[in-house]
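> missing the sequence, but the structure's below:
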């Protein structure tokens, strides 16, 4: 079974530009999550999709961040316009719906650098 | 909201030494507990998890963790480390019924051959 994939692996953009990150979950996983790790800090939750619906977006930092999951398959996370503090590693994870007993499988992450 | 504390963010030890990484969480309700590991250049992988039952959990590669409810702790242990255990280790918690994981800051472990 293929794992969670993310694209690109690295992105370097200037402040004010737009970047779109993509995540492909494991096939059949209805739950998709985005997390972010800013350098020196802990990995923090951004949001959770169940199929194409946003279940929990309480971790989104501000309205410059827009996540979508059209059709309930892959997801995109767009940052527009990017700011310096958006630099970090963005992780995507997916899981099956299985009550309270589940495991989140993580992708390799996208390292975003805003200069 | 849950929060997770991991101390000793950088640990250096020799092969065959024992390893113990502390994890404390703050949350008053019932939780699921996890240890994830990220080897150099690889994805975050699940090392072990606790949902219910026996509080002593055994994971992959000889790791184990003990859930002590009264101490809000879920410490990770390995009696004898190998060079290949060099990695960053993350403790994570989520409240039952809530899919959002809260992570600690991680422990960077370096094992010297």
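Sure, I can see it. Nothing here was measured: the structure is a model prediction, and the numbers come from that model.

> so residue B:36, which of the three states?
What DSSP: H, G, I helix; E, B strand; the rest coil gives for residue B:36 is strand.

> likewise the one 4 residues further on?
Using three-state DSSP, the secondary structure recorded for residue B:40 is coil.

> you'd agree it is up against residue B:87?
Yes. If you go by C-beta atoms under 8 Å, residue B:40 and residue B:87 touch, sitting 7.0 Å apart. Where C-beta positions appear, they are placed from N, C-alpha and C, glycine not excepted.

> give me the more crowded residue out of these two.
residue B:87 (20 against 7; other C-beta atoms under 10 Å in any protein chain shown).

> name the residues of chain B found near chain A, please.
Residues of chain B found near chain A (C-beta under 8 Å from any C-beta of the partner chain) are B:4, B:32, B:36, B:42-46, B:49, B:51, B:90, B:92, B:96-106.

> quickly list what the residue sitting nearest the centre point of chain A is bridged to.
Centrality entry for chain A: nearest residue to the mean C-alpha point is residue A:34, 3.1 Å, by C-alpha atoms, centre = their mean. On the basis of DSSP bridges, residue A:34 is bridged to residue A:47, residue A:92.

> correct me, but it touches residue A:77?
Yes. Look at residue A:34 against residue A:77 with C-beta under 8 Å: they come within range, at 5.6 Å.

> where do the strands sit along chain A?
Counting by DSSP state E, one finds strands in chain A at the ranges A:5-7, A:10-13, A:19-24, A:31-37, A:43-50, A:53-56, A:65-68, A:75-79, A:88-95, A:105-106, A:110-114.

> turn those strands into TSV, columns for distance to residue B:81 and mean pLDDT.
What follows is the strands of chain A, written out as TSV (distance: least, C-beta to C-beta, whole Å; pLDDT from 0 to 100):
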stretch	distance to residue B:81	mean pLDDT
strand A:5-7	30	97
strand A:10-13	31	98
strand A:19-24	33	98
strand A:31-37	24	96
strand A:43-50	23	95
strand A:53-56	37	93
strand A:65-68	39	97
strand A:75-79	36	98
strand A:88-95	26	96
strand A:105-106	23	94
strand A:110-114	28	98
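
> kindly reformat those strands as a markdown table containing distance to residue B:13.
Output for these, formatted as a markdown table (distance: least, C-beta to C-beta, whole Å):
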| stretch | distance to residue B:13 |
| --- | --- |
| strand A:5-7 | 32 |
| strand A:10-13 | 31 |
| strand A:19-24 | 35 |
| strand A:31-37 | 24 |
| strand A:43-50 | 24 |
| strand A:53-56 | 38 |
| strand A:65-68 | 39 |
| strand A:75-79 | 37 |
| strand A:88-95 | 26 |
| strand A:105-106 | 26 |
| strand A:110-114 | 28 |
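
> if we can go back for a sec, how close does the residue nearest to the centre of chain A get to residue B:96?
As judged by C-beta to C-beta, to the nearest Å, residue A:34 and residue B:96 stand 22 Å apart.

> next: residue B:28.
Distance from residue B:28 to residue B:96, by C-beta to C-beta: 12 Å.

> any stretches of chain B with poor pLDDT?
Judged by pLDDT under 70, chain B has no weakly predicted residues.

> what residue lies at the spatial centre of it?
Nearest to chain B centroid, counting by C-alpha atoms, centre = their mean: residue B:35, 3.5 Å.
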